[in-house]
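# no FASTA, just this:
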């Protein structure tokens, strides 16, 4: 270990006390020796209150040059996963304003996601018509690409809890498709491809790659559970347009995060449990895990050639990507690059040259050269370790890496509670033997325990090096106390200069995992829907009315502020009722709500949109319907009556 | 109309164009003549873009003196209703940071609200064990009082959609009780009392008053629906501690917002539909509606004396508060004070002297003197109109009023999209005949169409006149576009000086209605639960295990970062499984999650907390359980396995 590199240039007496504070919580129960904590500063002298020490220093440094004042618009959008909230959030940056919450995998009472027939069709339902799942866990959100940068068309997000992939339309910022990934659990990392590996004309996203973190018996039919050799994890490719699962790859070990190359050739995933341990203590025995590469073109050739099997009820072709079956690099579908212990993140540098793995239980980052990776698959490299061009120490608990487009990488250090800025070229020189090459150029304290990190346009060829966001997993004392459940802490750092500068922090409802930040000009948002896009639309107010066929009743209601065009309607107890609401207002921001008292029904209808709901009339009496979304000076008077006769 | 008062001191050419912009949306379909719009400026010349005109001017004015920098804590808490999100939100002010979302009436996938047995017991369930309702609509949130100011113990919030009242504990910022209000729909306004009307020793909140906005047939059993004379609205009193409904009052007309007097004698509600119209167009025919006063002590005497009836299945005593039954002021339970057309809000001034109604469809506010109200109920006033000491024009569409403790009132003007600052004393002088009394002292544009307004400590005797927040119902072009659904806009105004100054704005996920702002020293938050407070707690790691009684299986799992103390357990298909999870970590901010793959189960367990969930094992195979809430460097490795055998 190079002493200069391992020292902390920003270490001040306050930092020492801060270190003690960190040591009391998240690391409880973690053996210091394993993680090299023993090598750290020992001059600890008590916890640091929020208003003193580094926090105070940071506050003093932070200026208002990034403040977005009333009436000003942000420069960047942010798309944030919501974690076990099951949603995605849209932020404006640098203000940190949360502009929208996009319901994806979990019902949303406000929009009616999970209530309306249209949303249930996307979410999937049980035989009784209720949503298949009410909980979800979004981790990674990534946008579609064209020409190596975001095209503003789609974004995708995973559900780790129920192994689903959701797609968001970025013109309306709503989820339009959800697909189940078969044969996997713990579906974690995702990344869209950036161009086609074969057809050079297709320079845009056409596939989304999905990694599964937990191994399960294949098939998972309850017949085997104790035999570790039956446990497997699959890597999955989903079609970006049809959202159907194209193929899967059987692998050794598991998948964590995913990265894709700018030339379309490779997807990769870091593997933290190559031991295939099913118990916590078994997942850390190996000194090396892997960064697993997938040769996309060869996999698709194998599928075409029928070299696959299927599992259980699934018809998805599964090719064999295990080590045993891929010993010859020249025909291999996969390549396992050894990287240090339980790596937690793989990121593609914006120059298209490298994938960088962070070490988690090793204080290192590993830089893999993609030209050499091609050479390996071409059989021109005698040792796969030669694809590694740098493996250098950056600090304790490296997790994820972002880029500024100027050759620097920014890696979160979970245990150090820092971001370290380092030069990729200098790290390569250092690793090649130049021990004078100073690759670490700056460090900054963050508060506390950072997980994901991303910079403006970082994962594109247009990485612009303006803002860096760090998702801190513990906020502790940074915000007013609100009981036992604390928010996360999103910290925004100005990276336009040589030194990083913390400019703001915002609490986040738990728990955003990952996020992307992109220029506002990329988005062409639609502000009003098209009436014709909805087959059920009631196109004129006077077409509102009730139609009965046996005990099936269809109620059509057009709305026009501040009135529903049907001020009351009568149905009978036991009827199966479908209410179709069309918002005829053709004005931006004029959304209506539709709530029925005591009937557990509530949704919104945006301008020129149509939504429907089907339910059984099981209670008799008068039930007021009212507009739940403020629309007009006479919004309170906007009502209808549902009269259910015995 | 006094010309000076009706002119807009801040009107500039830009304001004229802004007015045209406003006119194109929210007021669509609203007859200008009715609302006096015809009297407004006509020199309109096109819409105002966000980055020019008043917005730009406001931005230029806004400084950073209120910025809360990283590491600094806010001065105030805010409690915000979430509207049809069904939640309550906790903000820090002046930063606008949203620190927590409190699930109340709607399930929350993150916390497991609606998933765990404990939360279902609070929310109420159907016979099949699922939550009674999945949607809700919170409007008004108010805190408990002692000595005329907030005591930081409780807050209450209404559900307009399903007529429920929820209580929040302000030490843990969680909902602990929900009660159904019988015989009502459209339960809208709430307010706690401030002291007991009879027992002078009880100088704290013991009752919560609830207004119902929609009239329904009583009883609402489907036998009558068309006869308007059967439609009634009730005013309800709930016990603050037991959360049981104490009594209800049958009234003429309906209830909108609620206010309570500092002496405990009165509750009042503004009435906007004294016409009892069931159709939109019938709700605005009368030129006068009312501010309806309730004499709390007399009502409770009547209940004690058995002078009540009950409706339907409800056992709640209902006293008669109609006009016909309360003609003699000396024995009256209620008093109907005529105020102009469709008033929308009643607020109590912090000096304890006045209730102020805002006009909505009249450009006026009405100030009612509470000393005179006592005189009326004592039979000492010959005309109830003499309780009104001011009724003055303030602008178009007055809705709600806040106070600064220095004698000024701040009223939102929905149609003008402004806040007007006016002197209560000067308004009283003007109304008494002094036409030189200039009561309007300032106006400020807000963006756009403001609804509720509140100031720091405004509704207490400690109103401190520092910050004023305005909930704007339309944000239009103020934030980056995110598709057809726009956020609301919360605008924060510095009111410490003579002129109001807009200092920040934040988008809000629709749609906060009302909010309170209080000093941070009022809250004594609990950061770690007490193990002993949970009867089901597994107090030692080694007590984790599985217990079977027939097909009922209880699984006890203690967690200690980064491990569940049961790394796997086996059950059989068809078992009724109860899993009890206890978080043994005794460290602030160390919350664990508990998610079971494919089993639609996810919840969190805070430090020293115990939660449980009961479900049927209906799928065979291996199902990974994992920690969904980041807890530790080895959080990803924190797992257990549920093995369901055929």
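Cool, got the structure. As the structure is a computational prediction, the values presented were derived from the model and not from experiment.
# all helices for the stretch 401-550 of chain A, in order.
A:424-431 (DSSP state H, counting those that start in this stretch).
# go on, chain A?
Secondary structure of chain A (DSSP state H): helices located at A:3-6, A:13-23, A:32-35, A:53-61, A:117-123, A:296-304, A:370-377, A:424-431.
# can you tell me which of those the model trusts least?
Mean pLDDT per stretch puts helix A:32-35 lowest among the helices of chain A, at a mean of 32.
# is it true that residue A:475 touches residue A:447?
Yes - if you go by C-beta atoms under 8 Å, residue A:475 and residue A:447 touch, sitting 7.1 Å apart. Using the backbone N, CA and C atoms, a C-beta is placed for each residue, glycine as well.
# between the two, what contacts are shared?
Shared contacts of residue A:475 and residue A:447 (C-beta atoms under 8 Å, 6 or more residues apart in numbering or on different chains): residue A:489.
# Pop the domain breakdown of chain A in here.
A:79-135+A:156-175, A:181-352, A:394-525, A:531-644 (the TED database).
# Rebuild the ones you listed as TSV, extending it with mean neighbour count and distance to chain B.
Shown next, in TSV, are those (neighbours: other C-beta atoms under 10 Å in any protein chain shown; distance: least, C-beta to the nearest C-beta, whole Å):
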stretch	mean neighbour count	distance to chain B
domain A:79-135+A:156-175	23	4
domain A:181-352	20	3
domain A:394-525	23	4
domain A:531-644	20	3
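# As TSV, the ones you listed with distance to residue B:583 would be great.
Output for the domains of chain A, formatted as TSV (distance: least, C-beta to C-beta, whole Å):
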stretch	distance to residue B:583
domain A:79-135+A:156-175	15
domain A:181-352	17
domain A:394-525	9
domain A:531-644	32
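# for those, which one sits closest to residue B:442?
Set against residue B:442 and scored by C-beta to C-beta, the domains of chain A come closest in domain A:531-644, at 23.3 Å.
# and that closest one, how far out from the chain's middle?
Distance of domain A:531-644 from its chain centroid, counting by C-alpha atoms, centre = their mean, to the nearest Å, is 35 Å.
# measure it end to end?
30 Å (C-alpha to C-alpha, to the nearest Å).
# Next: stretch A:123-139.
Criterion C-alpha to C-alpha; first-to-last residue distance in stretch A:123-139 is 18 Å.
# now stretch A:464-477
Start and end residues of stretch A:464-477 are separated by 33 Å (C-alpha to C-alpha).
# what about it, average pLDDT?
97.
# how much distance is there from it to the middle of the chain?
15 Å.
# how many other residues sit next to residue A:382?
Look at residue A:382: counted by other C-beta atoms under 10 Å in any protein chain shown, it has 9 neighbours.
# what's the distance between it and residue A:355?
Per C-beta to C-beta, to the nearest Å, residue A:382 is found 21 Å from residue A:355.
# Also residue A:279?
Residue A:279 sits 30 Å away from residue A:355, going by C-beta to C-beta.
# same deal with residue A:213?
Taken as C-beta to C-beta, the span from residue A:213 to residue A:355 is 19 Å.
# What ranges in the stretch 251-400 of chain A fall below the confidence cut-off?
A:280-281, A:283-284 (pLDDT under 70).
# How are the strands of it distributed by residue range?
A:258-260, A:266-271, A:288-295, A:318-320, A:334-340, A:346-348, A:354-358, A:364-369, A:388-393, A:398-403 (DSSP state E, counting those that start in this stretch).
# Show me what the longest one is in contact with.
Think strand A:288-295. The contact list for strand A:288-295 (C-beta under 8 Å, 6+ apart) reads A:209, A:235, A:249, A:251, A:253, A:255, A:265-274, A:321, A:332-343, A:346, A:355, A:357, A:366, A:368, A:373, A:377.
# Quick one: work out the angle between that strand and helix A:370-377.
Angle, strand A:288-295 to helix A:370-377, by axes from the mean of the first three to the mean of the last three C-alpha atoms, to 10 degrees: 80 degrees.
# from the middle of its chain, how far away would strand A:288-295 be?
21 Å.
# and the angle for it with strand A:266-271?
Strand A:288-295 and strand A:266-271 are oriented at 160 degrees to each other (the same axes, to 10 degrees).
# got the angle between strand A:288-295 and strand A:354-358?
On the basis of the same axes, to 10 degrees, strand A:288-295 is oriented at 150 degrees to strand A:354-358.
# List the strands paired with strand A:288-295, with their directions.
Here strand A:288-295 has these sheet partners by DSSP bridges: strand A:266-271 (antiparallel), strand A:334-340 (antiparallel).
# ok and it relative to helix A:296-304, angle-wise?
Strand A:288-295 runs at 70 degrees relative to helix A:296-304, counting by the same axes, to 10 degrees.
# which ones are touching the spatially most central residue of chain A?
Against the mean C-alpha coordinate of chain A, by C-alpha atoms, centre = their mean, the closest residue is residue A:140 at 1.7 Å. The neighbourhood of residue A:140, defined by C-beta under 8 Å, 6+ apart, consists of A:81, A:157-158, A:188-191, A:257-258, A:513-514.
# same thing but 7 Å
Residue A:140 sits next to A:81, A:157-158, A:189-190, A:513-514 when contact means C-beta atoms under 7 Å, 6 or more residues apart in numbering or on different chains.
# so which of the strands paired with strand A:288-295 comes closest to residue B:128?
Nearest to residue B:128, of all those, is strand A:266-271, at 41.1 Å by C-beta to C-beta.
# what's the offset of the closest one from the middle of its chain?
Averaged C-alpha coordinates place strand A:266-271 at 16 Å from its chain's average position (C-alpha atoms, centre = their mean).
# List the contacts of that strand.
A:189, A:191, A:193, A:209, A:211, A:235, A:253-260, A:289-296, A:343-346, A:355, A:357, A:370, A:373.
# Against residue A:259, how distant is residue A:198?
Taking C-beta to C-beta, one finds residue A:198 at 20 Å from residue A:259.
# Out of the domains of chain A, the one nearest residue B:409 is which?
Per C-beta to C-beta, nearest to residue B:409 of the domains of chain A: domain A:531-644, 20.9 Å.
# quick one, what contacts residue A:349?
A:356, A:403, A:424.
# of these, closest to residue A:573?
The closest of the contacts of residue A:349 to residue A:573 turns out to be residue A:403 (C-beta to C-beta; 62.9 Å).
# pretty sure the closest one contacts residue A:463?
Yes - assessed by C-beta atoms under 7 Å, residue A:403 is found in contact with residue A:463 at 5.0 Å.
# list residues touching both of the two?
A:350, A:455.
# any chance of the strands paired with strand A:288-295 in a markdown table, plus distance to residue A:152?
Output for those, formatted as a markdown table (distance: least, C-beta to C-beta, whole Å):
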| stretch | distance to residue A:152 |
| --- | --- |
| strand A:266-271 | 22 |
| strand A:334-340 | 33 |
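# Compare these and report which one is nearest to residue B:229.
Across the strands paired with strand A:288-295, residue B:229 has its closest neighbour in strand A:266-271 (70.9 Å, C-beta to C-beta).
# Now do that closest one against strand A:364-369, angle only.
Here strand A:266-271 runs at an angle of 160 degrees relative to strand A:364-369 (the same axes, to 10 degrees).
# which ones are touching the closest residue in space to residue A:523 that isn't next to it in sequence?
Spatially, and ignoring its direct neighbours in sequence, residue A:523 is nearest to residue A:152 (5.0 Å; C-beta to C-beta, 6 or more residues apart in numbering or on different chains). Listed by C-beta under 7 Å, 6+ apart, the contact set of residue A:152 reads A:170, A:522-524.
# ok, so of those residues, who is nearest residue B:177?
For those, the nearest to residue B:177 is residue A:170 (42.0 Å; C-beta to C-beta).
# Quick check: nearest residue in space to the closest one, chain neighbours excluded?
Closest residue to residue A:170 in three dimensions, ignoring its sequence neighbours and counting by C-beta to C-beta, 6+ apart: residue A:152, at 5.2 Å.
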